[in-house]
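K.L.:
Got a sequence here, can you build the structure:
(chains A and B)
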Number of protein chains: 2
Amino acid sequence: MPAPTHVPHTTIQRLPVYLRCLLQAQAARVRVISSGDIAEMCGTNPAQVRKDLSYLGELGTRGIGYDVDDLVGHISEVLGITERRKVALVGFGKLGAALYGYSGFAERGFEFVAIVDVDPAKVGTQTDGITIRHLDDACEVVRASGAEIAIISTPADGAQAAADVVVEAGVKAILNLAPVRLVVPPDVAVRQVCLSTDLQILSFYLAQHDGGER
Amino acid sequence: MPAPTHVPHTTIQRLPVYLRCLLQAQAARVRVISSGDIAEMCGTNPAQVRKDLSYLGELGTRGIGYDVDDLVGHISEVLGITERRKVALVGFGKLGAALYGYSGFAERGFEFVAIVDVDPAKVGTQTDGITIRHLDDACEVVRASGAEIAIISTPADGAQAAADVVVEAGVKAILNLAPVRLVVPPDVAVRQVCLSTDLQILSFYLAQHDGGER
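P.N.:
I've put the predicted structure just below:
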């Protein structure tokens, strides 16, 4: 199935959340699930769930609900995660190593195929069968690995150089954990994760508490 | 200054991004910056910047721009980060340890004051002067530490129990890195970080590439 192009960006953001809830339901041997149940699990409302899922086609039976297996399959197809996706990891410091060791990626079909760093003490060593390679060789290494996604977990001042190299290697999707905005060509998708930003946003809500205004 | 309560949630989300750019400008000894410059650094448009900053008061001079130091001060005040915020870390696995070692938090005024885990091999050991304590003692420990924010980096199946304990200890803000939705009282703010979700969203854009539709 080609991915529908008419699915709104906001819906795309919610589909992985629905999928996570549906996989939990599947694990609990739930066969059929209502939009209300999904909404409750995901912290949204049933109308939103029905609207979002309507973009995927004519799914579900009015008054009964959605077949869980069916819905998992549809969302996975739309998200393009029925096939495994190869991932290059650039930056193998503490955070990079933690991400590499996280089993949740593999469970969701993401497979590390290349690791890049600049630390001479790390370059050339193996970790779980993957040899860590130097950034200078990264373009060639990443291209040969077939990676479609790069996770950048370098320090801030190395992130743009890392992005330039993986883009040159043909990567079209970047998950950036370095606290800096990347400049990439328009056909490359970037997701920025910045935990300091999240803490600052939480801090705002605490400041409201402090003022007794919430 | 009490935090303004009328600042829209969407603006709050962008303020930390502006702040990051302004700190970069400050480091480069830029004194005055235009909304256009900020917009370019942050990947948005000047009108959006001006509108967002207008919620902070009458700042900037038409045709000249904003005083960088002044703006850094105002945004920091609104975000409640002029004071240091104490943070409890629950879950000291690979990811937790990586977060604990990340200097970016301290640079932005966030200080770890308590570490909690359930692993008997870790409980009782010290790391940089903080003794890792067991989840069973966490309510008391977190309360005594004065932590206002908790970062939860446990496995998915331990996250809700961790949240319950820190909420009982009086924490009003949680950054959740476990891939599960937390149920908390309405006066507790939660930010959910799920890197698998980010990868799945990127995967959608790759699927569009695959279909040659983008």
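K.L.:
When you work out contacts or count neighbours from here on, use the C-alpha atoms and nothing else.
P.N.:
OK.
K.L.:
who's in contact with the longest helix along chain A?
P.N.:
In chain A, assigned by DSSP state H, the helix with the most residues is helix A:9-27. Outside of helix A:9-27, the residues that reach it under the criterion CA atoms under 8 Å, 6 or more residues apart in numbering or on different chains are A:38, A:41-42, A:52, A:68-69, A:71-72, A:75-76, A:79, B:197, B:200-201, B:204.
K.L.:
Go again with 6 Å.
P.N.:
Helix A:9-27 is touched from outside by A:52, B:197, with contacts defined as CA atoms under 6 Å, 6 or more residues apart in numbering or on different chains.
K.L.:
downstream neighbour of it in the secondary structure list?
P.N.:
Downstream of helix A:9-27, the next assigned helix or strand under DSSP states H and E is strand A:32-33.
K.L.:
ok, then the element right after that next one?
P.N.:
Per DSSP H and E, the helix or strand that comes after strand A:32-33 is helix A:35-42.
K.L.:
Buried residues, that next one. List them.
P.N.:
A:35-39, A:41-42 (16 or more other CA atoms under 10 Å in any protein chain shown).
K.L.:
do stretch A:48-58 as well
P.N.:
A:49-50, A:52-53, A:55-56.
K.L.:
Counting neighbours, which bits of stretch A:124-133 end up buried?
P.N.:
A:131-133.
K.L.:
ok, now stretch A:108-121?
P.N.:
A:108-118.
K.L.:
Also stretch A:176-196?
P.N.:
A:176-182, A:188-196.
K.L.:
Show me which pair in those is furthest apart.
P.N.:
A:188 and A:196 (24.3 Å; CA to CA).
K.L.:
picking that back up, direction-wise, compare the longest helix of chain A with helix A:35-42 and give the angle.
P.N.:
90 degrees (axes from the mean of the first three to the mean of the last three CA atoms, to 10 degrees).
K.L.:
pLDDT averaged over helix A:9-27 - what is it?
P.N.:
Mean pLDDT, helix A:9-27: 87.
K.L.:
so how far is it off the chain centroid?
P.N.:
Averaging C-alpha positions (CA atoms, centre = their mean, to the nearest Å) puts helix A:9-27 12 Å from its chain's average.
K.L.:
residues of that helix that come out buried?
P.N.:
By neighbour count with 16+ other CA under 10 Å, helix A:9-27 contains the buried residues A:12-23, A:25-26.
K.L.:
any idea which of the residues you listed is the one closest to chain B?
P.N.:
residue A:16 (5.5 Å; CA to the nearest CA).
K.L.:
distance of the closest one from residue B:161?
P.N.:
Noted for residue A:16: a distance of 24 Å to residue B:161, by CA to CA, to the nearest Å.
K.L.:
cool, and residue A:100?
P.N.:
26 Å.
K.L.:
More neighbours: which of those two?
P.N.:
Using other CA atoms under 10 Å in any protein chain shown as the criterion, residue A:100 and residue B:161 rank with residue A:100 on top: 20 against 13.
K.L.:
JSON lines please, covering the buried residues of stretch A:124-133 and showing secondary structure and distance to residue B:143.
P.N.:
Compiled in JSON lines, the buried residues of stretch A:124-133 are given as follows (DSSP: H, G, I helix; E, B strand; the rest coil; distance: CA to CA, whole Å):
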{"residue": "A:131", "secondary structure": "strand", "distance to residue B:143": "45"}
{"residue": "A:132", "secondary structure": "strand", "distance to residue B:143": "43"}
{"residue": "A:133", "secondary structure": "strand", "distance to residue B:143": "45"}
